[in-house]
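*Asks:* Give me a 3D structure for the following:
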Amino acid sequence: FGKPHEGLEMAKAAELILEKPGMRSSMTHTIFVTQTCCYHWTSPLQDTIEPLLKGYQVGLEIGDNVKACYCLVGRMYYLFFTGRTLDSIQKELEAATHVLTQLKQDGTQVFIILLLTTVKKRRGLDAEACDDIMDSMLATASSTGDFTLSALVNSMKLEVLVFCQEWRQALELVQKAGNMRLFLSSQFGSVRYT
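*Replies:* From the prediction side, this is the model:
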């Protein structure tokens, strides 16, 4: 931590190891880790988008759908953060949502829904549809007693409200949701606003 150039050297070493025979099965995970934990500290985010796409494609080729979808979601976030137009981002996110649905990656899909909700809200489009999806997820969490899912969805809703500077609604949500830290202990979003 705090030594990005050492992390960069480790990432380069990992990439050299991947060139050895029999290492293809580790490629998707390694690309995800190096691009989302190392390279983005020392180079422009734009430079991570193509490798994350490669990680996604390789993951699908070798049957590692989970790590492939991690690369896809990382790529979506970086596309969002690089300042592309909202309409182009929305198209990418909708395509990614379709892919994640086909691959049955519901746990990963919630992160795309967060971005899609934010984009639609910023564009003044059908934000209620995404709110309905999150409300449906909250209802499912409530009926099954899944406090972790409930906390995750509430933190996602909170992200959108804060991003759109809807402070009053954000405060009301925090008060209503209660202490999310108990259920999302390893995620930074759970402590950001509480």
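
*Asks:* quick one: the residue of the chain positioned farthest from its centre and Glu15, what's the gap?
*Replies:* Residue farthest from the centre of the chain, counting by Cα atoms, centre = their mean, is Pro21 at 31.1 Å. Distance, Pro21 to Glu15, using Cβ to Cβ, to the nearest Å: 15 Å. Where C-beta positions appear, they are placed from N, C-alpha and C, glycine not excepted.

*Asks:* List the contacts of the residue nearest the centre of the chain.
*Replies:* Central residue of the chain (Cα atoms, centre = their mean): Phe111, 4.3 Å from the mean position. For Phe111, the contact set (Cβ atoms under 8 Å, 6 or more residues apart in numbering) comprises 73, 76-77.

*Asks:* swap in Thr48?
*Replies:* Counted by Cβ under 8 Å, 6+ apart, Thr48 has contacts 35-36, 39-40, 74-75, 78.

*Asks:* now for the host helix or strand of Ile89, which elements pack on it?
*Replies:* Taking DSSP states H and E as the definition, Ile89 sits inside helix 86-102. Other elements packing on helix 86-102 under the criterion 3 or more Cβ pairs under 8 Å, 6 or more residues apart in numbering; DSSP states H and E are helix 65-81, helix 106-123.

*Asks:* Met156: which of those is closest?
*Replies:* With Cβ to Cβ as the criterion, Met156 lies closest to helix 106-123 of those, at 4.4 Å.

*Asks:* Does Ile133 touch Leu114 like I think?
*Replies:* No - counting by Cβ atoms under 8 Å, Ile133 stays clear of Leu114, with 10.4 Å between them.

*Asks:* which one of these two has more residues nearby?
*Replies:* Leu114 (23 against 17; other Cβ atoms under 10 Å).

*Asks:* what's the neighbour count on the closest residue to that one other than its chain neighbours?
*Replies:* Residue nearest to Leu114 in three dimensions, not counting chain neighbours: Met156, with 4.4 Å by Cβ to Cβ, 6 or more residues apart in numbering. By other Cβ under 10 Å, the residues close to Met156 number 21.
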